[in-house]
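Trainee: Show me how the following folds:
(chains A, B, C and D)
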Protein chains: 2
Amino acid sequence: MTTTDRKIRILCVEDDPQMRSFLLAQLRARGHQVQAVRDGAQAIDQAAIFEPELVLLDLALPTLDGLAFLRRLREWSKAPVIVLSARDEESVKIKALDSGADDYLTKPFSLNELLARVRAAMRRADEAARLRSGAAGGELPRPVYHCGGPTGLVVDFAHRQVRSGGKEVHLTPTEYDLLSELTRNAGKVLTHRELLQRVWGSDYSGENTYLRTFIRHLRRKLEPDPAQPRFLLNELGVGYYVPPPDAHGA
Amino acid sequence: MTTTDRKIRILCVEDDPQMRSFLLAQLRARGHQVQAVRDGAQAIDQAAIFEPELVLLDLALPTLDGLAFLRRLREWSKAPVIVLSARDEESVKIKALDSGADDYLTKPFSLNELLARVRAAMRRADEAARLRSGAAGGELPRPVYHCGGPTGLVVDFAHRQVRSGGKEVHLTPTEYDLLSELTRNAGKVLTHRELLQRVWGSDYSGENTYLRTFIRHLRRKLEPDPAQPRFLLNELGVGYYVPPPDAHGA
DNA sequence: TAATTTTTCACGTAAAATTCACGATAGCCA
DNA sequence: TGGCTATCGTGAATTTTACGTGAAAAATTA
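Mentor: Numbering: from 1, shown residues only, chains lettered A, B, ... in the order given. Modelled structure (predicted):
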């Protein structure tokens, strides 16, 4: 059996300073690239910037709850999450696992066991990444979409925030969901059917009126000139799409 | 979050009869298809026949050691394995995880926690299976067709995009459907009847006017010289075809 | 209740599909 | 070889469909 000991990017979300520096030191000593943060709000920020390959998560966090962070993360990231918690109650474990956690370790734990569980999680994640890179349909999601430079459109999936022309724009839940679907598949035309199914749920095929209305709302809020859309584009008779994102670093 | 509660095939490898029947009853009560065996030798046999989607494995086995079974299983199966063991030593856990186990639960454990960990494992496995089916489906059509080198014709089925002479070309839905049928069967002559049926639906046999009109549109948009077609070719009295695609890498 | 969000409707416009008439070409047979 | 005919290519008019728009009713939320 292959004990893949790849060096990976790990985000460590931990309240307790002592535990945080312990994990940081131990993981870095093994060659991993580690970022550590104190609370959920910071965690969202760091996750978006750092794009970790694995997350170690303490549930008891001061600002944003650990489970809330987990669910937000899962909207755009497939990185394995190992929960580290002092709480041993069944109900907490189950909630965490069903919210998208891959593993749950109760404190105090053995460092070597944690490392073994990290290896096991990465073995699976690497397999999935290998499949995704070869498959046609599975592209890696990015935590932010942006297009059209600094005055263009920016969608921050991690924070559910949208900016256009440099200013933040408020979107309703449905508006955001629709924009999110489109930007997550930027460059690809999504059919009416696909969008209706994914945003409104099945049984809405044919209700193209919904799409027209919400596309119009989005254009009014996001486009510099709604009459000549730059971001929310239509493929007549097929569906809608947004342009491919700016090249990374532009 | 998706709490996929799919009914799955589970192989339960457990020495203790009491524990075995307990797991069997509980899992079956939840609709899963469960096979239980007593030792490692039987486990290998059953795994080959039953092809489980998930394995629950006790390490302390009479005949063939649990770890040995695990390694044998991993030679051909990717099904997630959750180890259930009375032993809590670090070294045992690490050996199991590094031998290919996906999770390790120490007895006694809570049933609900086990079920949650089964759900978490299946969530990942389903994702991997989804990717695999998309990547390795032997007879799936090529994701792109191209012919005539860089200045030739390129059809990207995934993105529904068409390029000719290096420039992207806009096609209407019917135009694209027709071109798509032809390029998916490149090198093969499709009869009028076949094309009409596949693009317009049945009951259009005989309406060859449609074909002529749309072939003309396509030629105008795609051919360098529409008067002498290189891509959209006619077999008199039979139908239309496109040339076989360029050899891969040319 | 007031405010926001979602659902629904009707209409003008732009694009695409359909339809028609005619010119060009290839294969067939005298 | 040369005319004949079925088949194909062409241009353009007409019909149909899809999209963008404003606005208002219904549902949801605070």
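
Trainee: From B:Asp16, how far off is the nearest residue to A:Glu127 once chain neighbours are set aside?
Mentor: In space, and not counting its chain neighbours, A:Glu127 is closest to B:Ala128: 6.3 Å by CB to CB, 6 or more residues apart in numbering or on different chains. Bear in mind the C-beta positions are built from the backbone N, C-alpha and C, glycine included. As for B:Ala128, its distance to B:Asp16 is 31 Å (criterion: CB to CB, to the nearest Å).

Trainee: So the helix or strand harbouring A:His217, near DNA strand D or not?
Mentor: Assessed by DSSP states H and E, A:His217 sits inside helix A:208-222. Yes: contact of helix A:208-222 with DNA strand D (CB under 7 Å from any atom of the strand) involves A:208-209, A:212-213, A:215-216, A:219.

Trainee: Does the residue most central in space within chain A belong to a helix, a strand or coil?
Mentor: In chain A, the centroid-proximal residue (CA atoms, centre = their mean) is A:Trp76; its distance is 2.3 Å. Under DSSP: H, G, I helix; E, B strand; the rest coil, the three-state class of A:Trp76 is coil.

Trainee: Only alpha carbons, please: show the helix ranked longest in chain A as CSV.
Mentor: As assigned by DSSP state H, the longest helix anywhere in chain A is helix A:111-134. Presented in CSV, the C-alpha positions along helix A:111-134 are these (Å, rounded to 0.1, in the frame of the first residue of the first chain):
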residue,chain,number,x,y,z
LEU,A,111,-0.7,13.3,16.6
ASN,A,112,0.3,10.2,14.7
GLU,A,113,-3.3,9.1,14.3
LEU,A,114,-4.2,12.6,13.0
LEU,A,115,-1.4,12.3,10.5
ALA,A,116,-2.6,8.9,9.4
ARG,A,117,-6.1,10.2,8.9
VAL,A,118,-4.7,13.1,6.9
ARG,A,119,-2.9,10.6,4.7
ALA,A,120,-6.1,8.5,4.3
ALA,A,121,-8.1,11.6,3.4
MET,A,122,-5.5,12.8,0.9
ARG,A,123,-5.3,9.4,-0.7
ARG,A,124,-9.0,9.7,-1.6
ALA,A,125,-8.8,13.4,-2.6
ASP,A,126,-5.9,12.7,-4.9
GLU,A,127,-7.8,9.9,-6.6
ALA,A,128,-10.7,12.3,-7.1
ALA,A,129,-8.5,15.1,-8.4
ARG,A,130,-6.9,12.6,-10.8
LEU,A,131,-10.3,11.7,-12.1
ARG,A,132,-11.4,15.3,-12.4
SER,A,133,-8.4,16.3,-14.3
GLY,A,134,-9.0,13.7,-16.9
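
Trainee: what residues are up against the residue nearest to A:Glu127?
Mentor: Shown in contact with B:Ala128 (CB atoms under 8 Å, 6 or more residues apart in numbering or on different chains): A:124, A:127-128, A:131, B:78.

Trainee: now do A:Cys12
Mentor: By CB under 8 Å, 6+ apart, the contact set of A:Cys12 is A:20, A:23-24, A:27, A:34-37, A:55-56.

Trainee: Tell me, how many residues neighbour the residue lying closest to A:Asp39 once chain neighbours are set aside?
Mentor: Nearest residue to A:Asp39 in three dimensions, chain neighbours excluded: A:Thr63, at 4.2 Å (CB to CB, 6+ apart). For A:Thr63, the neighbour count with other CB atoms under 10 Å in any protein chain shown is 13.

Trainee: A:Thr63 and chain B, how far apart?
Mentor: Taking CB to the nearest CB, to the nearest Å as the measure, A:Thr63 and chain B are separated by 21 Å.

Trainee: and that residue, what are its phi and psi?
Mentor: Per-residue torsions, A:Thr63: phi -90, psi -80 (degrees, to the nearest 10).

Trainee: Could you do A:Arg38 as well?
Mentor: phi -90, psi -30.

Trainee: Make sure it is actually in contact with A:Glu14.
Mentor: Yes: look at A:Arg38 against A:Glu14 with CB atoms under 8 Å: they come within range, at 7.5 Å.

Trainee: hey, what's in contact with both of those two?
Mentor: Common neighbours of A:Arg38 and A:Glu14 (CB under 8 Å, 6+ apart) are A:Arg20.

Trainee: which of the two has more neighbours?
Mentor: When A:Arg38 and A:Glu14 are compared for neighbours, A:Glu14 comes out ahead with 23 against 17, by other CB under 10 Å.

Trainee: Is the more buried one in contact with A:Ala36, as I believe?
Mentor: Yes: taking CB under 8 Å as the definition, A:Glu14 is a contact partner of A:Ala36 at 6.4 Å.

Trainee: what residues do these two have in common as contacts?
Mentor: Contact criterion CB under 8 Å, 6+ apart; residues shared by A:Glu14 and A:Ala36: A:20, A:23.

Trainee: count of neighbours near A:Gln42?
Mentor: For A:Gln42, the count of nearby residues is 18 (other CB under 10 Å).

Trainee: Show me what counts as buried in the helix holding A:His217.
Mentor: Within helix A:208-222, the residues scored as buried using 16 or more other CB atoms under 10 Å in any protein chain shown are A:210-211, A:214-215, A:217-219, A:221-222.

Trainee: Fine by me, we can end here.
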